[in-house]
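>>> Build me a model:
(2 chains)
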Amino acid sequence: MNKFWVVLSQTYLTRFKSKSFIIMTALFLVFILAIGNIDRIIELFNSDEETLIPTVAVIDETNLYEDYLTDIESQSLQYDVSSETEASLNEAVLAGEIDGVLTLSDDETQPFTATLRLEDVLNNRLEYQVNEHLQQLKVMVMTEEAGIDGEILQSIYSPVSFQLEAIEKADGTTSKTEEEISGARGLVYVMLFLLYFAVITYGQMIATDIANEKTSRVMEILISSSSPVSQMFAKIIGIALLGLTQISILIVTAFLVIQTRVNDFDGDFFEVFGFSDIDVSVYVYALVFFLLGYLLYATLSAMLGSLVSRMEDVGQLMFPVIILIIIAFMVSMFGLESPESTLVTVMSYIPFFSPLVMFLRVGLLGIPFYEVMLSIGILLVTIFILGFVGAKVYRGGVLMYGGGFKLKDLKQVMHLSKKSK
Amino acid sequence: MALHINNVTKRFGSFTAVDDLSITINKNQIFGFLGANGAGKTTTFRMILGLIDETEGQIRWNDQKIDYSVTDSMGYLPEERGLYPKMKVKEQMIYLGRLRGMEKSSIIKALDYWLDRFKIPEYKDKKVEELSKGNQQKIQFISAVINQPKLLILDEPFSGLDPVNVELLKEAVIELKDQGTTIVFSSHQMSTVEELCESLCIMVKGKPVVQGALKDIKRQFGKKNLLVHADMDLSFLKDMLGVVKYAETAQGCRLQINDESVSQDILKELIMRDGFIKRFDLLEPSLNDIFIEKVGESYE
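Numbering: from 1, shown residues only, chains lettered A, B, ... in the order given. Model prediction:
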């Protein structure tokens, strides 16, 4: 097994030290840092005056509410009661000295009517904020007039105590809670992209590596030194370790960025994609399905890579692999919306789709343990068969040279590798 | 330490690449494979190395099947030269050497020795693609012998090299032989084969047509060459009994004769005629003659 490690470390180190790997990783890191600090970046490009708190001048014709408005403690808006004329205030708005003019006037049926004059009335956040403040004011004034106590008012507005619980099924499983599902959904998203990315990038890398050794004809020396089967698996695992290294770097960076920025983010992000409520088993499944999915596609890529004899043909042969992963990706995207559909259930047992689709079901639904094991079992058997066939094809394929790739070559390859009886 | 090839046949579908080949190659021997293109030489080599399996028969090295447990003592220079073009010579050798079960320190030592020997030490840290074709071939040769193989297989080792480098490589091959390496090689250059091999095999369409020790082959061939330089018209020799081939040269003619006794008849005939004989030389048949005759024969 010594030579296995030689090939493995060679595969890993050559790629790890290569310029393309370093540049790609660096680009991803920059991308992650940029996403994590997107608010700061946006701020950077905004001019200073827009970050100032906007000021609205108030002309109170009723003379009743100005104290209330000036008392509003808003971080994002400041009211300024003015005695100037409307016309001069309008000019001040146009000159950019203030941001708006609010006029409150008497009304027969309601406490007041209001008019807000702005320079630009489209998509202006001031409109909503002022509207909200006035609504609060109105409620306060009217309840006071009706003689309702402030405490009663508070309890009217406090939310109902409401909880959602899943009933335990006969087999002991319960359907997931909303928190768990949204957490899992985030993880499924991440998994989908990672596996998709891994298959396309690292699968291509394996196929290219092998095709490269074939084109440069160094392959014949290699296979006369050590077994092609062990070489194939050394390559697959070497590239897998490389992939894990790269993905780990990215995940650790992303984690650190989130940790340092956790207080700056609004709650929404973590509510939708929150990872805090996920069961540990889902993480384990994520890792298991990711590794198995990678192995499956990597073995397929290695087999295909050994069939080409020119670099130009690698893309052509990788096409079906990419189609497979795209289908898996599409089905999973559909599955995120309706994880209980028959299509998703069926697809979760088909090897090339199951790493994504079964994981999605595990994450989003409470499915029995044996179903997951069945899917993993099928996956393992497929990997084994593919590894076996792949090794045979590899053995023969590396000795076969010729332009293009035809199906009959596959037959010839199998023949080249056939053991004599 | 001997390589036994016993009744080996290799078929690819209906095509027979090697047909009932039996050869024994002893230790410290240089064995030559000759044959036209597609005669089955490379297929035989690949079978010896265990890269492809024989359809029938068996190949044994020291009474043992050749598999990945013994590859550390094998060396192979494939006909299709191949190294990693983007890798430096040193890195490349370390990788290939380790795949032959060597330690890094001994690889470097051996590499330095061979680079000095081939007078190219300055290429140690160059990328292979930056080297000329001949130098790449020398590096390729080093990769085949870096592990001091017990069995060395060289597929067309001298093709594409200039005469100076052919000499360098030949010396290296002979030295390896003296150190105890069994060497099997194929070549199109008859002179090289004649010079290096004690035994050889000529293959035609997968079948061995001539095989054995070089001097036996020459003796059994029977036919001799006769060189005659004389100041007269020699064209009458064409029609003499026992003359197989007649070719005019600048100073006379070159004949191929059935048997060496024929030369004496010719000599008598020449003396009877009126002319000045400058040269009369009975020559051993060259390997080239044997090759052309045998390969040509079976094409007919």
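
>>> now the helices for the stretch 151-300 of chain B?
B:163-178, B:190-196, B:214-221, B:260-272, B:287-299 (DSSP state H, counting those that start in this stretch).

>>> for the longest one, which positions count as buried?
By that I understand helix B:163-178. Neighbour counts using 16 or more other Cβ atoms under 10 Å in any protein chain shown place B:165-166, B:168-169, B:172-173, B:176-177 of helix B:163-178 among the buried residues. C-betas here are computed from N, CA, C, even on glycine.

>>> quick revisit: can you put the helices of the stretch 151-300 of chain B in CSV and add mean pLDDT?
Converted to CSV, these look like this (pLDDT from 0 to 100):
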stretch, mean pLDDT
helix B:163-178, 90
helix B:190-196, 84
helix B:214-221, 82
helix B:260-272, 85
helix B:287-299, 75
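
>>> ok, what's across the strand from A:T115?
For A:T115, the beta-bridge partners under DSSP bridges are A:T103.

>>> Please tell me I have it right and it contacts A:D107.
No. Applying Cβ atoms under 8 Å, one finds A:T115 not in contact with A:D107, separated by 11.7 Å.

>>> Now residue 127: closest residue in space, sequence neighbours ignored.
Just going to use chain A. Distance criterion Cβ to Cβ, 6 or more residues apart in numbering or on different chains; nearest residue to A:E127, sequence neighbours excluded, is A:L116 at 6.5 Å.

>>> oops, I was thinking of chain B
B:K88 (5.6 Å).

>>> and B:L83, which of the three is it?
coil (DSSP: H, G, I helix; E, B strand; the rest coil).

>>> Surely it is in contact with A:M219?
No. The criterion here is Cβ under 8 Å, and B:L83 misses it with A:M219 at 11.0 Å.

>>> which of the two has more neighbours?
More neighbours surround A:M219 than the other of B:L83 and A:M219, with 26 against 23 (other Cβ atoms under 10 Å in any protein chain shown).

>>> Quick one: low-confidence residue ranges for chain A.
For chain A, the stretches flagged by pLDDT under 70 are A:1, A:46-52, A:72-75, A:123, A:169-183, A:262-279, A:398-421.

>>> Any idea which residue of it lies closest to chain B?
In chain A, the residue found nearest to chain B is A:R217; the distance is 2.7 Å by Cβ to the nearest Cβ.

>>> Indicate the residue of chain B located nearest to chain A.
B:G82 (2.7 Å).

>>> Was I right to think that residue contacts A:E220?
Yes. Counting by Cβ under 8 Å, A:E220 is a contact partner of B:G82 at 6.4 Å.

>>> neighbour count winner among those two?
Neighbours of B:G82 and A:E220, each counted by other Cβ under 10 Å, are more numerous for A:E220; the result is 25 against 20.

>>> Residues of chain B that sit close to chain A?
B:12-13, B:46, B:49, B:51-56, B:68, B:71, B:74, B:76, B:78, B:80-85, B:87, B:95-96, B:98-101, B:143-144 (Cβ under 8 Å from any Cβ of the partner chain).

>>> Please spell out the PyMOL selection for the buried subset of the residues you listed.
To isolate the buried subset of the residues of chain B next to chain A in PyMOL, counting by 16+ other Cβ under 10 Å, use the following:
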select buried, chain B and resi 46+49+51+52+54+55+68+71+74+76+78+81+82+83+84+85+87+95+96+98+99+100+143+144
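
>>> just the strands in chain A please.
A:55-60, A:78-81, A:100-105, A:113-118 (DSSP state E).

>>> Now mean neighbour count too, for these, in JSON lines please.
Output for the strands of chain A, formatted as JSON lines (neighbours: other Cβ atoms under 10 Å in any protein chain shown):
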{"stretch": "strand A:55-60", "mean neighbour count": "20"}
{"stretch": "strand A:78-81", "mean neighbour count": "16"}
{"stretch": "strand A:100-105", "mean neighbour count": "20"}
{"stretch": "strand A:113-118", "mean neighbour count": "16"}
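
>>> Which of those strands sits closest to A:G397?
Closest of those to A:G397 is strand A:113-118, at 71.6 Å (criterion: Cβ to Cβ).

>>> helices and strands around that closest one, which ones?
Other helices and strands packing on strand A:113-118, by 3 or more Cβ pairs under 8 Å, 6 or more residues apart in numbering or on different chains; DSSP states H and E, are helix A:86-95, strand A:100-105, helix A:125-146.

>>> so how far is it from its chain's centroid?
Centroid separation for strand A:113-118 versus its chain: 43 Å, with Cα atoms, centre = their mean, to the nearest Å.

>>> ok, now which ones touch the residue nearest to A:Y294 when sequence neighbours are not counted?
Nearest non-adjacent residue to A:Y294, counting by Cβ to Cβ, 6+ apart: A:A198, 5.5 Å away. With contact set as Cβ atoms under 8 Å, 6 or more residues apart in numbering or on different chains, A:A198 has these partners: A:243, A:247, A:290, A:293-294.

>>> Just the closest of these to A:P355, please.
Closest to A:P355, out of all of the contacts of A:A198 and judged by Cβ to Cβ, is A:G293, at 2.8 Å.

>>> give the contact list for that closest one.
A:G293 is in contact with A:195, A:198-199, A:355-356, A:379, counting by Cβ under 8 Å, 6+ apart.

>>> Next, count neighbours for the residue nearest to B:A36 when sequence neighbours are not counted.
Distances taken as Cβ to Cβ, 6+ apart place B:V295 nearest to B:A36, at 5.6 Å, with adjacent residues excluded. Other residues near B:V295 number 19, with proximity taken as other Cβ under 10 Å.

>>> and B:V295, how far is that from A:G186?
Note on B:V295: its distance to A:G186, by Cβ to Cβ, to the nearest Å, is 73 Å.

>>> One more: A:G363?
Taking Cβ to Cβ, one finds A:G363 at 9 Å from A:G186.

>>> just A:L241 next, same as before
Separation of A:L241 from A:G186 (Cβ to Cβ): 26 Å.

>>> Mind checking which of those two has more residues around it?
Shown here are A:L241 and A:G186; by other Cβ under 10 Å, A:G186 has more neighbours (19 against 16).

>>> now the stretch 101-250 of chain B, which segments are flagged as low pLDDT?
Using pLDDT under 70, nothing in the stretch 101-250 of chain B is flagged.

>>> OK, contacts around the residue nearest to B:A36?
Here B:V295 is in contact with B:35-36, B:202, B:204, B:209 (criterion: Cβ under 8 Å, 6+ apart).

>>> Report the two of the residues you listed separated the most.
B:A36 and B:V209 (11.0 Å).

>>> care to break the chain down by domain?
No chain specified, so I'll use chain A. If you go by automatic domain parsing, the domain ranges for chain A are A:54-153, A:177-416.

>>> Correction: the question concerned chain B.
B:2-218, B:223-284.

>>> so which of those gets nearest A:Q154?
Using Cβ to Cβ, those put domain B:2-218 closest to A:Q154, at 74.1 Å.

>>> Figure out how far the closest one is from the centre of its chain.
10 Å.

>>> Nearest residue to B:N135 in space, ignoring adjacent ones along the chain?
B:I120 is the one closest to B:N135 (Cβ to Cβ, 6+ apart), at 5.9 Å.

>>> Could you say which helix or strand holds B:Q137?
Assigned by DSSP states H and E, B:Q137 belongs to helix B:133-145.

>>> List of residues touching that helix?
So helix B:133-145 is contacted by A:221, B:75-77, B:81-83, B:89, B:92-93, B:96-97, B:111, B:114-115, B:118, B:120, B:123, B:128, B:131, B:152, B:154, B:157, B:160-162, B:165, B:168-169, B:172, B:176 (Cβ under 8 Å, 6+ apart).

>>> which residues sit in contact with A:F334?
Contact analysis of A:F334 by Cβ under 8 Å, 6+ apart lists A:341, A:343-344.
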